[in-house]
Structures are given as C-alpha cells and as structure tokens.
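A.B. asks: pasting the sequence and the predicted coordinates here, then a few questions.
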Number of protein chains: 2
Amino acid sequence: MMIYGVEMTDRRREILTEALALADERGLAAVSMRAVAQRVGVTPMALYPHVGSKQDMLDGLVELLVTDLPMPAAGLPWPERFAGFARAARQSARRHPTAFALLFDRPAVTADSLLVIDFLYQLLLDAGVPRTEIARAERMLSTFVLGFAVSEQGGRFAGGRLPAPARRAQLPADELPAHHGLAAELDQPLDLDAEFEADVADLIALIEHVLAAPR
Amino acid sequence: MMIYGVEMTDRRREILTEALALADERGLAAVSMRAVAQRVGVTPMALYPHVGSKQDMLDGLVELLVTDLPMPAAGLPWPERFAGFARAARQSARRHPTAFALLFDRPAVTADSLLVIDFLYQLLLDAGVPRTEIARAERMLSTFVLGFAVSEQGGRFAGGRLPAPARRAQLPADELPAHHGLAAELDQPLDLDAEFEADVADLIALIEHVLAAPR
DNA sequence: AGGCGACGATCTACACTGTATAGCGGGTCC
DNA sequence: GGACCCGCTATACAGTGTAGATCGTCGCCT
C-alpha cells in the first residue's frame, strides 16, 4: 500500500512502532534517532532509507495514530457516532500522551485521515448540516476534540502548580472580580472525564440546534 | 512586579523580547540560547541568571504573548466582548506564527493570563451561563479559539500539498463517499477569515442557546 | 582609604542532537 | 565469475543546552 509516495514496508512499520513505544514510555523528547535505532537493534543511519528524516518519521507516527483510531459503526445514529469518535480520540491521546500532540501541527492528509474526515462529513450530512457548511463544521469540531485531548495531556487544564485559591490570590480581588465571585464553584475538584462528556453533549447540541439550523 | 516568583527586570524583558522577535523572523526552531544571546549582544551563559533555562525562557514568551493581548472594553455587550477576544487571539497568532503554539501546551497561570480568564468568566456570567458551568465553558471556548489560531498558523487547515480533488483521488470513491458527494462544495477555495467569523458566530449561539439554556 | 563580597558576564567543556559522506558485506542476476 | 544493488556500518561535522570555574567591576562597611 502506497501512502503519499512512501511504501509501508515491514521494516518501516517496525521502526515507527518502536519510535511510538519509546515516545509513550519516555516522552517525545526522548525520541532521538539514536534511541530509536538502539531499540530496533541497528545503527542510527540505517533508519534513514526507511523513514527519510526525523521530521518524516514523526509524520509517520501521526499516520500510525490515525490508523489505530477505532471508528464507531456507520449504522449508529449520528450523535452516537460523533461521541464515539470524540471518545476514541481522547482515548488515543491517553495511550500516547506526548505523541498525540503531533496531530495538531501537521496537516492530516494521509489516506487514513481522509477516512476519518469522510466519517465526520457523513455524520454531519446525516445531522442535516447544510452542504456548504460541512467542511467548516468538520474543522471546527475536530479542532475542539483534538484541542481538548492535547490540552488535557499537555497539562494546560491542570492549572499549574498552585491550587485555585492560591492562584487567584496572586492578584488583588478587584482585579479578578469574577474569580472571587465564583470562588465556591472554582474550588470544586476538576473531573475531566465528566467535563469531556458534557462538552461532547454540548457539541451535539451545537450541531443540531446551531449548525443544522436554518439561518 | 513579581510574576510567579520571577521578577521582570529590564534585562529579562529585553531577552524575552529579542527571543520573540527571533521566533517571529526565523521560526521557533531558530530560537537557540546562542542565537538569542547574539541578538542581545552577550554570551549564551549570561542569559541563564535572567531566564533560568530554555524551558523557562519559552514560558516567558507565553507571558509576553498574553500580556500583549488587547482585551475589549468591559462595557461592551458580551457577544462583542467574546468576538473581540477571539479576534485578538487570532491576530496575535498571525503576528507570532510559531511562538503562539506555545500557549497550547503550557498551563496558562501567569498573572496576566488570570486577567484574561477573569474576562471570560465575567462574559459568561453576563451571558447567563450557570455558575457551575462557567469554568468548563471557559476551557471549552478557549480551547477552540486557541486551537483554531494554532491550527491555522501550523498549517493543519491547509490540507497538505495536494489540492482537494487530487487528495480525494488517493482512495477509491466508495471509500470516501461523503468526499465525492460533496465534491462541488469541497473544491471551493478556503477563506479562513470568513470561516473564523462564522465559527465565532456559532460559538456565540452555543453560549446563548446551549450553555445558558436550562437543562 | 581599603578590603570584601556580590553580581554580571565570560570561557571552556561535556554529552547529545540530526545527518552528510564514504565504505563494506552478501545476495541476485547476466 | 563478475557486476550490480541493497541494507547496513563507521566516521565526522556543525550545532544544541547547560554545568563549572573564572574574572572584572561595582557598592558598601569598617
């Protein structure tokens, strides 16, 4: 199978698999050509004919991630299809906490990512989103789903080293009026599982009542 | 002014400003301690007492970005406040195409970012979003706004080197049914300015009709 | 006035990065 | 048997972040 002009040989797949495992175990920063080569049992320079360059190797990791994404059955109602996709993406981010962020900077144009996009297009068609709005809606929804997953793994939602009360104490109360007015609610512990489900429900409402609505 | 235990001296600000300018001119990858030091007119090791480490220096860049974000006036109606914030973020991403992505992996906990978050909290309160949902709504909306800006600058929306028709020709028509059914619409040129405005309008509708709605 | 400590900057060195280049060994075909 | 190719190795180079030691120049205190 030719993907984007790069043949997926057994050796190439082995290298990419080993690189992904290394990223999962020690973080993306630990993925050096030398470290990957050692895992494969080979000299660093031996990787190059198979993966091109380090950049291309990381592109290959994205390919792996997308290929492994389990897509919901096409027969389900569209809201369940959307929720299933969103949960699968988040799950994949949990399995690959640092590598998943690669999905966010590179354009997703491998053959497998086209399949995912087509899945979303179909879902939006079934939801009654106007044909002219579908490409935009897909970008909007995948931006959020990927963004949430990346933010969660990258720690953007964690709020730093300080707990909430200490955080808002950095500035005088009159500069953070909403923070202080919402103190009781902001001090609740963060449950990202529940938050994600609520977000997905809201996005389904967005599709149904905003994107699919007549203007 | 103490920010997070790091005093913002003139020297530190000069270093960060120079690093940001370098990132804007030659990309984030060109921001090495040696290159920044040369711009400042100093030896690489002289940076360390001021910025701590390269990681900390990049955190400092985030600080600069957030501080320079022009926030809309508090007296405006909340939809205009939200749109103003979103446009300011996107504008900042255009000014700092590679550095802006830093906002997405680090938790935003500097004093100035608290001001931005407070601005969003207040806006959501004014929109009638229930108090218990406001922190979640803020994370949801900023995830999208930052995600859009980062994706646009990082090229995720650009769709790779192939034009749309060639892209969908990578796979047989029956594997990409929605792509082929939507061919006419998908071949329209991409106008990200218009798309962003449409997304912002939809998010305002989401706030008003979904997040602020009784359940 | 003289010493003294702190502070900012410098120089050198180390381990590590991606990868260009050249060479080597074995297998397949004429 | 010889020519080729293919996968791999070995070496080398420029560049990275930063630890450690050194040095000069201030302000301060006795």
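C.D. replies: Cool, the structure landed. Because the structure is a prediction, the values reported are computed rather than measured.

A.B. asks: all contacts plus neighbour counts: C-alpha atoms, from now on.
C.D. replies: Will do.

A.B. asks: gap between the helix or strand where A:Gly147 lies and the chain center?
C.D. replies: If you go by DSSP states H and E, A:Gly147 is part of helix A:134-154. Using CA atoms, centre = their mean, to the nearest Å, the distance from the centre of helix A:134-154 to the centre of the chain it belongs to is 7 Å.

A.B. asks: contacts for that helix, please.
C.D. replies: A:86, A:89-90, A:93-94, A:97-98, A:100-101, A:103-104, A:117, A:120-121, A:124-125, A:157-158, A:203, A:211, B:104-106, B:140, B:143-144, B:147-148, B:151, B:157, B:186, B:195, B:199 (CA atoms under 8 Å, 6 or more residues apart in numbering or on different chains).

A.B. asks: that helix: what's the following helix or strand?
C.D. replies: Next element after helix A:134-154 (DSSP H and E): helix A:164-168.

A.B. asks: on that earlier part again, are any of the contacts of helix A:134-154 buried, and if so which?
C.D. replies: A:86, A:89-90, A:93-94, A:97-98, A:100-101, A:103-104, A:117, A:120-121, A:124-125, A:157-158, A:203, A:211, B:104-106, B:140, B:143-144, B:147-148, B:151, B:157, B:186, B:195, B:199 (16 or more other CA atoms under 10 Å in any protein chain shown).

A.B. asks: which of the residues you listed fall in helices?
C.D. replies: Among the buried ones among the contacts of helix A:134-154, the residues falling in helices (DSSP state H) are A:86, A:89-90, A:93-94, A:117, A:120-121, A:124-125, A:203, B:140, B:143-144, B:147-148, B:151, B:186, B:195, B:199.

A.B. asks: pLDDT value on the spatially most central residue of chain A, please?
C.D. replies: Central residue of chain A (CA atoms, centre = their mean): A:Leu146, 3.4 Å from the mean position. pLDDT, A:Leu146: 98.

A.B. asks: distance of it from A:Ala198?
C.D. replies: 16 Å (CA to CA, to the nearest Å).

A.B. asks: also A:Ala86?
C.D. replies: 12 Å.

A.B. asks: and what of A:Ala89?
C.D. replies: 16 Å.

A.B. asks: again with A:Thr143
C.D. replies: Distance, A:Thr143 to A:Ala198, using CA to CA: 17 Å.

A.B. asks: how about A:Leu64?
C.D. replies: Counting by CA to CA, the gap from A:Leu64 to A:Ala198 is 29 Å.

A.B. asks: quick one, what contacts A:Ala201?
C.D. replies: A:Ala83.

A.B. asks: which stretches of chain A have low pLDDT?
C.D. replies: Low-confidence segments of chain A, defined by pLDDT under 70, span residues A:1-6, A:214-215.
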